[in-house]
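Asks: heads up, no residue letters with this:
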Ligand code: BG6
Ligand code: MG
């Protein structure tokens with residue numbers, strides 16, 4: 001088959017932490033008197049901590065010093081860490097392990113491509129650090145999604161040609177990043193939000209190897225193999 005590696009986003013794909021990021025930002029915006037809705041939160045998904053804060057502060061329309069911003073980001077992360085502190089392997093989203101096992105059985109490499117600097121902590125809590133052949137995260141890249149850096153870095157670490165990678169993403173910025181990297185992109189969530197993805201599913205439990213092969217064919221990749 002065409003695909004040689006699958007790159008998974010973490011928050012909102014493997015684990016339902018997207019809602020905890022939202023709750024922690026909401027706490028901060030409530031404190032600051034900024035109106036912050038779930039619709040606006042969509043813009044933050046997949047985006048780094050500091051870039052998210054900039055978007056939020058823009059909504060508030062006030063200027064803040066660098067040290068104030070650092071303090072706000074630290075506070076948000078403190079609340080976020082409290083939310084995720086009780087997570088265990090039971091929190092791995094349905095279908096994740098089954099899909100990864102099927103892909104591995106078929107010699108497809110597995111990588112993580114996340115903007116989160118809390119990636120190592122979460123992988124440890126979920127006990128899946130060993131599951132990945134490569135991990136690219138917010139600690140190892142400079143540019144945030146929609147820049148393709150994190151996915152290109154993962155492909156490079158795996159030694160797989162970027163066009164032969166498929167990305168699983170729940171964020172519109174992540175879909176854009178995957179497409180910019182020239183990769184196949186499977187969106188997780190709402191088709192109206194992830195409209196540019198090559199295919200959209202509700203969760204990894206809806207995916208299997210056969211569906212990936214069908215998608216490759218529909219995109220014309222089979223002719224290239
Ligand atoms: C992404 C999330 O995975 O990681 C974003 O979708 C988050 O919401 C980003 O801002 C950075 O996460 P962290 O854990 O480094 O604050
Ligand atoms: Mg995500």
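Replies: Sure thing, it's come through. Since the model is a prediction, treat every value here as computed from it, not as a measurement. Ligands and ions are numbered 1, 2, ... in the order given.
Asks: Relative to ligand 1, how far out is residue 10?
Replies: Here residue 10 is placed at a distance of 6 Å from ligand 1 (Cβ to the nearest ligand atom, to the nearest Å). No exception for glycine: its C-beta is placed from N, CA and C like everyone else's.
Asks: can you point me to the longest helix in the protein?
Replies: Scanning the chain for the helix with the most residues, using DSSP state H, yields helix 66-84.
Asks: Neighbours of residue 197, how many?
Replies: 25 (other Cβ atoms under 10 Å).
Asks: Can you tell me the closest non-neighbouring residue to it?
Replies: Using Cβ to Cβ, 6 or more residues apart in numbering and skipping the chain neighbours, the partner closest in space to residue 197 is residue 187 (3.2 Å).
Asks: And the pLDDT for the one you found?
Replies: You'll see residue 187 listed with a pLDDT of 98.
Asks: give the contact list for it.
Replies: Going by Cβ atoms under 8 Å, 6 or more residues apart in numbering, residue 187 touches 169-170, 175, 193-194, 197, 199-201.
Asks: on that earlier part again, mind listing residues that contact the longest helix of the chain?
Replies: Residues contacting helix 66-84 (Cβ under 8 Å, 6+ apart): 17, 20-21, 23-25, 27-28, 32, 49-50, 53-54, 57, 64, 118, 121-122, 125.
Asks: Go again with 10 Å.
Replies: With contacts defined as Cβ atoms under 10 Å, 6 or more residues apart in numbering, helix 66-84 is touched by 11, 15, 17, 19-29, 31-32, 48-50, 52-54, 56-57, 62, 64-65, 91, 116-118, 121-122, 125-126.
Asks: do stretch 99-107 as well
Replies: Contact partners of stretch 99-107, identified using Cβ under 10 Å, 6+ apart, comprise 1, 3-6, 8, 14, 92, 108-110, 128, 131-133, 166, 168, 203-213.
Asks: Now list the buried members of those residues.
Replies: Among the contacts of stretch 99-107, the ones that count as buried by 16 or more other Cβ atoms under 10 Å are 3-6, 8, 14, 92, 108-110, 128, 131-133, 166, 168, 203-204, 207, 209, 212-213.
Asks: quick one: is stretch 145-160 near ligand 1?
Replies: No: counting by Cβ under 6 Å from any ligand atom, ligand 1 has no neighbours in stretch 145-160; the shortest distance is 8.0 Å.
Asks: which of the residues in the worst-scoring helix or strand of the chain on mean pLDDT are buried?
Replies: Here the helix or strand of the chain ranked lowest by mean pLDDT, DSSP states H and E is helix 38-42, holding a mean of 91. Buried residues in helix 38-42, counted by 16+ other Cβ under 10 Å: 40-42.
Asks: Can you lay out those residues as TSV showing distance to residue 138?
Replies: Output for those, formatted as TSV (distance: Cβ to Cβ, whole Å):
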residue	distance to residue 138
40	21
41	18
42	19
